[in-house]
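> take a look and give me a structure for this.
(2 chains)
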Amino acid sequence: MTSLVAFIVRLVSGLQARWLGAEPVDCQRVYFANHTSTLDAAVLWAALPPLIREKTRPVAAKDYWSANSVRRWLANDIFRALLIERRKVTIENNPLREMLAVLDEGESLIIFPEGGRFAGPEPQEFKGGLFHLAKDRPQVQFVPVYLENLNRILPKGKLLPVPLLGSITVGSPIKLETGETKTGFHDRARNAVWSLHLA
Amino acid sequence: MNLTFDNETGLLVGGITAVLILASLVGWILARRPGDHEYRATIANLNARTRAWWLMVVIFLLAMLSGGIGSVILFGLTSFLALREFITMTPTKRGDHGTLLWLFFVITPIQYGLVAVGWYGLFAIFIPVYAFLFVPLRSVLGGDCERFLERTATIQWALMICVYCVSHAPALLTLEIPGFEGQNGKLLLYFVLVVQASDVLQYIWGKTLGKHKIAPAVSPNKTWEGFLGGVATATLLGTALWWATPFTPWQAAGMSLAVTLMGFAGGLVMSAIKRDRGVKDYGTLIQGHGGVMDRIDSLCFSAPVFFHLTRYFFT
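As a prediction, this is how the structure comes out:
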């Protein structure tokens, strides 16, 4: 069932992943990408080879993905998404703690550090915990990913996808430098994603 | 649309298979010879083309074996994929989302449905009249006026080229040609063969003898030598295969000439569009995709002309 959904997602998004800076190998990673469409998490997840896909969980918004039973089924049973609270964040459901817990189980994550979907091709300022993840788990690879055309396939707020061709470009992993600030690291991470649109 | 298979179909298929076997052998021998980087790249490209050809021939024949409907579905899917490449390349916006859904999931299936039921009257005007008027109407409901004419016109263009024009190829199966009943499958095979042979022959003549460029600003690969040699030999081939058609040898020559000239025009126009959009070929539009448009650009232009010439003079 999981492979079938992955196949359908690949078919609809017509996508081809280009692994320019990193190979699709079994190694613990945090993939971070620009966010323009509901499809993003599913598409990036579907583009991974099956063995890696099994160990990679997209981080997604709980309010969106638990809104109805189809979304809940997709998020829980298919994508195995880590659903995080966007609005009422408490100490118990702090997204960062949950993400760190997943990493500590040896799994990889897919995150969208812009914190929401934006229609433009250039990613917005990164917010949230990318910096904290990089600081607390320095042994994990942080891999930038650029997603293109997906917002034309399924724009925000639309129900049915138009089967255009999308693409995924995977760049080289980046590392948190010693003494680097949160803003500095986020700017560098954002540039690493944006620079892939020319690659 | 009932298709029967006779000895002539067998001869056509056998001939195509023989040429492909020969091309594969030649490609295999050339690949074993030593050569510089450019030589290797050319041969690799040649062999990739031959492999794509095998695939296309097998798919095409399976579609024909299923009777007329298989060919209609095959060309319908081809239109769908071409449309996908074309629209990806054009500057549509969020306001066009609804229009594009109609394009892919309603208008294209209806056009091929009209081919399947053989309703010529509506088939001929459905896209040029009704879809033409519907597209801007649906887009205007999206409420975005920015570059409205440009967006609408490219969508209409995409429909005309990728769907309307291509659908004339399977529509050949619906023509009622006196004395040729049940044999239209051969006519479709003949048409596709001449168009594609013209492409291949122009490529070969151009690669071997090409010197004088026809339109260097549009397509640096198109030369007078390739054009004249390709058109002449493809026309000869089309003439030599007259027995598979309802035409006399001279008529077959005229039809083949029209098809090859239109095919050349199609290739040239599509090159200009690609340059305009900053794309080298549709295959590199998004890495790793085959580029259906690159294979059918000549067919887009020649199918309606071949269809109407046949319909006017032979039915």
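> switch to C-alpha atoms for all contacts and neighbour counts from now on
OK.
> tell me what the host helix or strand of residue B:21 is packed against?
In this structure, residue B:21 sits in helix B:7-32 according to DSSP states H and E. When contacts are defined as 3 or more C-alpha pairs under 8 Å, 6 or more residues apart in numbering or on different chains; DSSP states H and E, helix B:7-32 sits against helix B:37-65.
> to the chain's geometric centre, what's the distance from the helix holding residue B:21?
In terms of C-alpha atoms, centre = their mean, to the nearest Å, the centre of helix B:7-32 is found 21 Å from the chain centre.
> next, the buried residues of that helix.
If you call a residue buried by 16 or more other C-alpha atoms under 10 Å in any protein chain shown, then helix B:7-32 has these buried ones: B:9, B:12, B:20, B:23-24, B:27, B:30-31.
> repeat that for stretch A:102-118.
Here stretch A:102-118 shows A:102-103, A:107-118 as buried, counting by 16+ other C-alpha under 10 Å.
> so can I have a markdown table of those showing distance to chain B, secondary structure and pLDDT?
Below are the buried residues of stretch A:102-118 laid out as a markdown table (distance: C-alpha to the nearest C-alpha, whole Å; DSSP: H, G, I helix; E, B strand; the rest coil; pLDDT from 0 to 100):
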| residue | distance to chain B | secondary structure | pLDDT |
| --- | --- | --- | --- |
| A:102 | 33 | helix | 90 |
| A:103 | 32 | helix | 90 |
| A:107 | 29 | coil | 92 |
| A:108 | 26 | strand | 93 |
| A:109 | 25 | strand | 92 |
| A:110 | 23 | strand | 93 |
| A:111 | 24 | strand | 92 |
| A:112 | 22 | coil | 91 |
| A:113 | 23 | coil | 88 |
| A:114 | 21 | coil | 86 |
| A:115 | 21 | coil | 78 |
| A:116 | 18 | coil | 78 |
| A:117 | 14 | coil | 79 |
| A:118 | 12 | coil | 77 |
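> avg pLDDT for stretch A:59-67?
Average pLDDT, stretch A:59-67: 87.
> typo on my end, stretch A:22-38
Mean per-residue pLDDT for stretch A:22-38: 88.
> for stretch A:150-160, same thing?
Computed over stretch A:150-160, the average pLDDT equals 86.
> ends of that stretch, how far apart?
With C-alpha to C-alpha, to the nearest Å as the measure, the first residue of stretch A:150-160 is 13 Å from its last.
> please apply the same query to stretch A:107-117.
For stretch A:107-117, the separation between the terminal residues is 25 Å (C-alpha to C-alpha).
> between the helix holding residue B:21 and helix B:37-65, how many degrees?
Angle of helix B:7-32 versus helix B:37-65, following axes from the mean of the first three to the mean of the last three C-alpha atoms, to 10 degrees, is 160 degrees.
> residue B:202 against residue B:221, yeah?
No - checked against C-alpha atoms under 8 Å, the pair residue B:202 and residue B:221 is beyond contact range at 9.9 Å.
> neighbour count for those two, which is higher?
residue B:202 (29 against 17; other C-alpha atoms under 10 Å in any protein chain shown).
> longest strand of chain A?
Counting residues, the longest strand found in chain A (DSSP state E) is strand A:141-148.
> just the C-alpha atoms of that strand, please, in CSV.
This file holds the C-alpha atoms of strand A:141-148, laid out as CSV (Å, rounded to 0.1, in the frame of the first residue of the first chain):
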residue,chain,number,x,y,z
GLN,A,141,23.6,15.2,8.1
PHE,A,142,21.6,18.3,7.2
VAL,A,143,20.7,18.1,3.5
PRO,A,144,19.1,21.0,1.6
VAL,A,145,16.4,20.2,-1.0
TYR,A,146,14.8,22.5,-3.6
LEU,A,147,11.3,21.7,-4.8
GLU,A,148,10.1,23.2,-8.0
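> that one near chain B at all?
No - judged by C-alpha under 8 Å from any C-alpha of the partner chain, strand A:141-148 stays clear of chain B, getting no closer than 9.8 Å.
> enumerate the residues of chain A near chain B.
A:16, A:18, A:152, A:155, A:160-167.
> now residue B:81: closest residue in space, sequence neighbours ignored.
Leaving aside its sequence neighbours, residue B:81 sits nearest to residue B:292 (C-alpha to C-alpha, 6 or more residues apart in numbering or on different chains; 6.7 Å).
> was I right to think that neighbour contacts residue B:82?
Yes - here residue B:292 reaches residue B:82: they are 5.6 Å apart, a contact under C-alpha under 8 Å.
> higher neighbour count, these two?
Using other C-alpha under 10 Å as the criterion, residue B:292 and residue B:82 rank with residue B:82 on top: 26 against 20.
> which elements pack onto whichever helix or strand that one is part of?
In this assignment (DSSP H and E), residue B:82 forms part of helix B:68-89. The contact analysis (3+ C-alpha pairs under 8 Å, 6+ apart) places helix B:68-89 against helix B:37-65, helix B:108-117, helix B:148-158, helix B:166-167, helix B:282-285, helix B:292-314.
> mind listing what's buried in the longest one?
Looking back up the chat, that one is helix B:37-65. Buried-residue list, helix B:37-65, by 16+ other C-alpha under 10 Å: B:40, B:43-44, B:46-47, B:50, B:54, B:57, B:60, B:63-65.
> just the closest of those to residue A:27, please.
Using C-alpha to C-alpha, residue B:44 comes nearest to residue A:27 of these, at 34.3 Å.
> residues contacting the closest one?
residue B:31 (C-alpha atoms under 8 Å, 6 or more residues apart in numbering or on different chains).
> that older thread, from the residues of chain A next to chain B, which would you call buried?
By neighbour count, with 16+ other C-alpha under 10 Å, the residues of chain A next to chain B hold A:16, A:18, A:152, A:155, A:161-167 as buried.
> from these, which land in helices?
Taking DSSP state H, the ones among these that sit in helices are residue A:152.
> can you flag which of the buried ones among the residues of chain A next to chain B belong to strands?
Among those, the members found in strands (DSSP E) are A:16, A:18, A:167.
> now those residues in a markdown table, with distance to residue A:194?
Output for those, formatted as a markdown table (distance: C-alpha to C-alpha, whole Å):
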| residue | distance to residue A:194 |
| --- | --- |
| A:16 | 18 |
| A:18 | 15 |
| A:167 | 14 |
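> adding pLDDT as columns, could you present those residues in TSV?
Output for these, formatted as TSV (pLDDT from 0 to 100):
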residue	pLDDT
A:16	72
A:18	84
A:167	84
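> and which of these is nearest to residue A:60?
The closest of these to residue A:60 turns out to be residue A:167 (C-alpha to C-alpha; 20.4 Å).
> where along chain A do the helices fall?
For chain A, helices defined by DSSP H occupy the ranges A:2-13, A:39-47, A:50-53, A:62-65, A:69-73, A:95-104, A:130-136, A:150-153, A:182-194.
> now the weakest link among these, please, by mean pLDDT.
helix A:2-13 (a mean of 83).
> how about the contacts made by residue A:35?
Counting by C-alpha under 8 Å, 6+ apart, residue A:35 touches A:112, A:114, A:116-118, A:123, A:147.
> ignore what I typed, I meant residue B:63.
By C-alpha under 8 Å, 6+ apart, residue B:63 lies in contact with B:69-71, B:74.
> specify which member of those is nearest to chain A.
Closest approach to chain A among these (C-alpha to the nearest C-alpha): residue B:74, at 17.4 Å.
> how near is the closest residue to that closest one other than its chain neighbours to residue B:113?
Ranked by C-alpha to C-alpha, 6+ apart and with sequence neighbours excluded, the top spatial neighbour of residue B:74 is residue B:63, at 6.7 Å. From residue B:63 across to residue B:113, the span is 16 Å (C-alpha to C-alpha).
> ditto for residue B:48
Per C-alpha to C-alpha, residue B:48 is found 34 Å from residue B:113.
> likewise for residue B:213?
42 Å.
> same thing with residue B:189?
21 Å.
> which one's more surrounded, these two?
residue B:189 (20 against 17).
> now the helix or strand where the more buried one lies: average pLDDT?
Using DSSP H and E, residue B:189 sits in helix B:184-209. For helix B:184-209, mean pLDDT rounds to 90.
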